[in-house]
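dropping a prediction and its sequence here:
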Amino acid sequence: MIAVTRGVSPNIGRCELSHIEREPLDFEMAVKQHRHYEDCLKALGCEVRRLPALDEFPDAVFVEDTAIVLDEMAIMTRPGAASRRGEVASVAAALKPYRNLTVIESPGLLDGGDVLRIGKRIYVGLSMRSNPEAVEQLHNILDPYGYTITSVSMKDCLHLKSAATQIAENKLLINREWVDAKDFEAAGLLDVDMIDVDPAEPFAANALMIGRAVVYPAAFPKTRSRLESQGILIRVVDTSELAKAEGGVTCCSLIFTA
């Protein structure tokens, strides 16, 4: 597996924020935590390809938002925040040796964090950063390859994967306050167990599945206990500084088979 990451911008403290208050962010600690995150990816079998930090783009460490990497192709997104669109070109250059590229075009808006893929099913959160025009383009691009594309309504969070992520072949971690599980069920996702985050940990639904393990933030021990009780193999990482930039464990990498 390849994991594309990017170094932390020294200007990360000027990142875009939508649903949390800005607070002081320790850049050196963010760099240290990001390195530990990459070490975790390596320990789980990924070959990490780190792109240089982009000083002028405070959010650029969150590479997930710039692309959707599938077996058939990589789809370069058009991020909903105009300040982030300059991040895409360098990620496209990094992915080009591995995949044919296609793009989301104006007026489409799409952040990769709003795209949850479960097998051949793709769910797209209609957030502040992703719109129906991008969903229509995804239909045009992916219908010939047998994918089903479903829009999912959401609220009170930045991205769909802030509210729901896959944690095993047949398990979904979910915050039902932010996304309605019935939207997944109506789209045919009936064979997946829903595990709810602990009510005291609303941000706990973002988890990164790699093989049979799950990379998971240290900040949510109550939800982690729920996962472990279900037999989920957890690899804990501290991402507290990156969380101040509204980032999660899925945000910091693009993982795919070479």
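Structure's in. What do you need?

which intervals of the stretch 1-150 of the chain have sub-threshold pLDDT?
For the stretch 1-150 of the chain, applying pLDDT under 70 flags no range at all.

neighbours of residue 97, how many?
The local packing of residue 97 (other Cβ atoms under 10 Å) involves 9 other residues. From N, CA and C alone the C-beta is placed, and that goes for glycine too.

what's next to the helix or strand harbouring residue 161, contact-wise?
Using DSSP states H and E, residue 161 sits in helix 160-163. Outside helix 160-163, the residues that touch it by Cβ atoms under 8 Å, 6 or more residues apart in numbering are 113-116, 123-125, 127, 152, 154, 157, 174-175, 178-179, 203, 205-206, 248, 250-251.

and whichever helix or strand comes after that helix, what does it pack against?
Going down the chain from helix 160-163, the next helix or strand is strand 164-168, by DSSP H and E. Where contact means 3 or more Cβ pairs under 8 Å, 6 or more residues apart in numbering; DSSP states H and E, strand 164-168 is packed against strand 115-118, strand 171-174, strand 208-210.

out of those strands, flag the one nearest residue 109.
With Cβ to Cβ as the measure, strand 115-118 is the member of these nearest residue 109 (12.4 Å).

residues in contact with the next helix or strand after the closest one?
Scanning forward in sequence from strand 115-118 by DSSP H and E, the next helix or strand is strand 121-125. Residues outside strand 121-125 that contact it (Cβ under 8 Å, 6+ apart): 110, 114-117, 130, 134-135, 138, 142, 147-154, 159-161, 163-164, 179, 183-184, 187-189.

now which of these would you call buried?
Neighbour counting by 16 or more other Cβ atoms under 10 Å classes 110, 114-116, 130, 134-135, 138, 142, 147, 149-152, 154, 159-161, 163-164, 179, 183-184, 187, 189 among those as buried.

give me the number of residues near residue 129?
Other residues within reach of residue 129 by the criterion other Cβ under 10 Å amount to 25.

who's in contact with it?
Residues near residue 129 by Cβ under 8 Å, 6+ apart: 65, 79-81, 109-111, 113-114, 158-159.

also residue 26?
So residue 26 contacts residue 241 (Cβ under 8 Å, 6+ apart).

and the helix or strand that contains residue 34, which residues are buried?
Applying DSSP H and E as the criterion places residue 34 in helix 27-43. Neighbour counts over helix 27-43 (16+ other Cβ under 10 Å) mark 30-31, 33-34, 37-38, 40-41 as buried.

ok, now which ones touch residue 139?
By Cβ under 8 Å, 6+ apart, the contact set of residue 139 is residue 149.

repeat for residue 208
165, 214-216, 249-250, 253, 255.

including distance to residue 51 and neighbour count, could these go into JSON lines?
Formatted as JSON lines, the contacts of residue 208 follow (distance: Cβ to Cβ, whole Å; neighbours: other Cβ atoms under 10 Å):
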{"residue": "165", "distance to residue 51": "23", "neighbour count": "23"}
{"residue": "214", "distance to residue 51": "24", "neighbour count": "25"}
{"residue": "215", "distance to residue 51": "19", "neighbour count": "24"}
{"residue": "216", "distance to residue 51": "24", "neighbour count": "30"}
{"residue": "249", "distance to residue 51": "18", "neighbour count": "24"}
{"residue": "250", "distance to residue 51": "17", "neighbour count": "24"}
{"residue": "253", "distance to residue 51": "11", "neighbour count": "26"}
{"residue": "255", "distance to residue 51": "14", "neighbour count": "20"}
